[in-house]
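*Asks:* Quick one: sequence and predicted model below, then my questions.
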Amino acid sequence: MAPSAALSTARHLSPAAEPARPLLTIALPTYNRARYLDRFFKHHLDAFSARGIDFEILVSDNCSTDETPDIVARWARGDARIRSVRQTENIGAYGNFLYTYRQSRGAFAIWVGDDDLLIPEKVDAYLGRLTASPDIVMVQAPWLLIDETRDDAELGTFYRMEREELFARGEHARCLDFVMAHHAFPEWFIIRTDAMADILEPGNTFVFHYFAHLARALNVGKVLFAPEPFARVTAISKGANNHTGNSETMDGWDRFRGGLEYLASFIAPDDPAAMPMGELLPRLQDFTLRRMAVAANLHVNAGNWTTAYNLDRRLRAYGREGVHPDMRPVVSGMAAIEAVIVEAQAQARSLVVLDDVIADDTLESLAPKLRAAIIRRRDPRAASQTPKAFALLQSPPPGLLGPDDIVVDLAAAFRRCPP
């Protein structure tokens, strides 16, 4: 493809114009993350060229509204190994992920986030394993977590394993045992593109797609889990930066369980490694509860107090801890304050006059949209004709309430949320 034609729309991508097949496609689905793209292109073009790896970078811009198209076009004009498409409408994060894989020309493909960086020497080594062993259809590995706010300090890997594990075709039972024992999430993989059509498909609400990928890969061939990461993944970002992986961790525990159940469904009845149902069920439950506990603490960190409180309550039904017991009074109190704001907003009152007994610095822990709804009695808007809600520990004094104001019982909210 000529450099001037590197930037196109999705409908203009034509197999008839394809050059010789490269060894590797680095698949980059992106949306409104322009600030990372120069780093992404420079790192991968320099590092993979230096190792002599035959590769292409396939960019799918999911109809970004920032400078992404201009930056991609500039890099594509300078290097014909960059192929780019711009979706004519936003097709969603997973649709964009699937598109880059389906359009990969390489013999092998890796999906990479725009704020993440591949480790070229490890990729090179795993490509060697795949090339030497045609029956291996996928290489999985943990990923190295990076804190962008601390000069890309390394936080360790997402999961740990002591040695590599090679699972033969059909070894779903042994693989399921491994995944549950290590809490291994099969999200970072190198895949043989000739096998992709049998492995990857659109995601669904009830089955975590990465576990489904793994299950189907084991229907096709061998899967290698390697202990050394081949990617540096941004876990903590500077400024606003939504990570799909973080959001999945915060609300995906039932999909995780569904993915494990999907994997388990392929176990042959006569497989000697199959777990008895009496062992499988408690292990599935333990895996799910652990992910719920992780989610509860992520919601505390994000200031989603009601969600954190409810998750902690659910976990306590099983004798498990969601948040630390010392944090429970804080979480329950903040959940009660959230509740009165949400109750007021549900009754079309956008302003909440909150009792002065709640300290101002406490409110800093609320989500910005909720915090913006709160005013105090000293605020002139409290005496205005604007319909509002009063959330006080005692009944409002005579004359304070306007004809369209309502009262939300703050004390009852605290009673509903015991620590």
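*Replies:* Received the coordinates, thanks.

*Asks:* V331 contacts N310, correct?
*Replies:* No - with contact defined as Cβ atoms under 8 Å, V331 does not reach N310; the gap is 10.0 Å. C-beta: built from backbone N, CA, C; applies to glycine.

*Asks:* Comparing these two, which residue is more hemmed in?
*Replies:* Under the criterion of other Cβ atoms under 10 Å, the comparison of V331 against N310 puts V331 first, with 25 against 17.

*Asks:* what comes into contact with the helix or strand hosting that one?
*Replies:* Element membership for V331, per DSSP states H and E: helix 328-346. By Cβ atoms under 8 Å, 6 or more residues apart in numbering, the residues outside helix 328-346 that reach it are 300, 303, 305-306, 308-310, 312, 323, 350-352, 354, 358, 362-363, 365-366, 370, 373-374, 388-389, 391, 406, 408-410, 413-414, 416-419.

*Asks:* Mind giving me the ChimeraX command for buried ones among these?
*Replies:* Of the contacts of helix 328-346, the buried ones go into a single ChimeraX selection, burial set by 16 or more other Cβ atoms under 10 Å:
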select :300,303,305,306,308,309,310,312,323,351,352,354,358,366,370,373,374,388,389,391,406,408,410,413,414,417
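
*Asks:* In helices, which of the contacts of helix 328-346 fall?
*Replies:* Residues of the contacts of helix 328-346 located in helices (DSSP state H): 300, 305-306, 308-310, 312, 362-363, 370, 410, 413-414, 416.

*Asks:* which of those lies closest to E279?
*Replies:* Nearest to E279 among the ones in helices among the contacts of helix 328-346 is D312, at 27.6 Å by Cβ to Cβ.

*Asks:* So for that closest one, what's the nearest residue that isn't a sequence neighbour?
*Replies:* For D312, ignoring the flanking residues on the chain, the nearest one in space by Cβ to Cβ, 6 or more residues apart in numbering is G322 at 3.3 Å.

*Asks:* Run a quick check on the one you found versus A296, I expect a contact.
*Replies:* Yes - using Cβ under 8 Å, G322 is in contact with A296, at 3.6 Å.

*Asks:* Common neighbours of the two, please.
*Replies:* Shared contacts of G322 and A296 (Cβ under 8 Å, 6+ apart): A308, L311, D312, L315.

*Asks:* so who does the first one touch?
*Replies:* Taking Cβ under 8 Å, 6+ apart as the definition of contact, the neighbours of A308 are A296, N297, H299, V300, G322, V323, V331, A335.

*Asks:* May I ask which two of those residues are separated the most?
*Replies:* N297 and A335 (14.7 Å).

*Asks:* who touches stretch 58-77?
*Replies:* Under the criterion Cβ under 8 Å, 6+ apart, residues 3-4, 6-7, 10, 25-34, 37-38, 41, 82-93, 96, 99-100, 103-105 lie in contact with stretch 58-77.

*Asks:* Among these, name the ones in helices.
*Replies:* Short answer: the contacts of stretch 58-77 in helices (DSSP H) are A34, L37, D38, F41, A93, N96, Y99, T100.

*Asks:* so can I have a markdown table of these showing distance to P186, pLDDT and neighbour count?
*Replies:* Below are the ones in helices among the contacts of stretch 58-77 laid out as a markdown table (distance: Cβ to Cβ, whole Å; pLDDT from 0 to 100; neighbours: other Cβ atoms under 10 Å):
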| residue | distance to P186 | pLDDT | neighbour count |
| --- | --- | --- | --- |
| A34 | 30 | 95 | 18 |
| L37 | 27 | 97 | 24 |
| D38 | 30 | 97 | 12 |
| F41 | 27 | 97 | 22 |
| A93 | 18 | 88 | 15 |
| N96 | 20 | 93 | 21 |
| Y99 | 20 | 94 | 20 |
| T100 | 18 | 94 | 23 |
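
*Asks:* Pull the most distant pair out of those residues.
*Replies:* Farthest-apart pair in these is D38 and Y99; separation 23.0 Å (Cβ to Cβ).

*Asks:* Break the protein down into its domains, please.
*Replies:* Domain assignment for the chain, taken from automatic domain parsing, gives 3-258, 325-416.

*Asks:* Comparing those domains, which comes out most buried?
*Replies:* Most buried of the domains of the chain, by mean neighbour count (mean count of other Cβ atoms under 10 Å): domain 3-258, with a mean of 18.
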